[in-house]
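Visitor: turn this into a model:
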Amino acid sequence: MKYALVTGGSRGIGKAICLQLAADHKYNILLNYHSNMAAAEETKSEVEAIGVKCELLKFDVSDLEATQTSIESWRSENPGAIIEVLVNNAGITKDGLFIWTNQEAWSKVIDTSLNGFYNVTQSLLKEMLRKRYGRIINIVSLSGLKGNPGQVNYSAAKGAMISATKALAQEVGKRKVTVNAVAPGFIHSDMTSNFDEEELKKLIPVNRFGDPEEVASLVCFLASERSSYITGEVININGGLYS
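Guide: Residues are numbered from 1 along each chain as shown. Here you go, the predicted structure:
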C-alpha cells in the first residue's frame, strides 16, 4: 500500500496538498500535525471521503526522537506499506525586526523548517533509496529566495532548505529519488490572514493572492512520475511577484 506523508497537513496549504494527492494519485495519506487535533480530524474525514486511507501522526517535526519514534511505530504496525512521497510543509513564523528577534524566536523557526526537514527526511530516505523510487517536495517560500524584512529568521530557514534541496537532489538522483522545492508567494492561509491584501496585491502582476489548491496542484505534478526529469529545482508560484 502506497502512502504520501505531509507534515503540517491539517490546515492551509498542507491540507490542500493532502486532498489533492488523494484525489489525483490515490495516495493514502499520512497526515502529520503538532497540536490542532480538531483540524487534523476534519482533514482526515475529507481525505477519506475521496476513497483512500488517512492516518494521523502527531509529532513535532523539530523533535528528532519524537519524529523517529512516531514513524517507526507506524511502520511496525504497517509492515507492507511504502511511503513514496514526502512533502515537508511544516513551518512557523515569528516575525519581527531582526534587532528585536530573541533567541527563542530565531531557534524555533529554524528548528521547525530546517531541522524538521532533516528529521523527517532522514527517517524516510533510506527506504526510498532501497526501493529506488521517491519524491521529496519541500515547501519553501518567496522569503527564502528574495528575503523579506521582518522575517530574517524565516528567510534564513527557507533559504537553507533551498540549498539543501539542491544538494540532496544530486546525492540521490541515481536512485530515481527526486528532490524539489516549491516557493509560494502570497497564498490565502493562516500565515497571511493578517496581511493587507488590498495593498499587497498591487505588487503582484496577476493582481491577487494565490489559493492553497494552486500550490497543491504544482506539488501533485512534482509527486508524479511525469516529473521524473525534474530534480534540484525551486519552482516559484507567486503570481509573477518574484521569478
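Visitor: residue boundaries of the helices in the chain?
Guide: Here the chain has its helices, by DSSP state H, at 12-25, 37-50, 64-77, 103-110, 116-131, 142-146, 152-172, 197-200, 212-222.
Visitor: can I get those helices in TSV with mean pLDDT, distance to Val6 and mean neighbour count?
Guide: For the C-beta atoms, the positions are set from N, CA and C on the backbone; glycine is no exception. Formatted as TSV, those follow (pLDDT from 0 to 100; distance: least, Cβ to Cβ, whole Å; neighbours: other Cβ atoms under 10 Å):
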stretch	mean pLDDT	distance to Val6	mean neighbour count
helix 12-25	97	5	24
helix 37-50	97	10	16
helix 64-77	97	13	14
helix 103-110	97	20	16
helix 116-131	97	10	18
helix 142-146	93	19	21
helix 152-172	98	16	19
helix 197-200	77	26	11
helix 212-222	98	9	21
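Visitor: go ahead and flag the most central residue of the chain.
Guide: What sits nearest the mean C-alpha location of the chain, by Cα atoms, centre = their mean, is Asn89, with 1.9 Å.
Visitor: tell me the contacts of that residue?
Guide: Counting by Cβ atoms under 8 Å, 6 or more residues apart in numbering, Asn89 makes contact with Val6, Thr7, Gly8, Gly9, Ile13, Gly14, Ile17, Ile139.
Visitor: who touches the fifth one in this structure?
Guide: So the one you mean is Ile13. Asn89, Ile139, Pro184, Ile187, Ser189, Pro212, Val215, Ala216.
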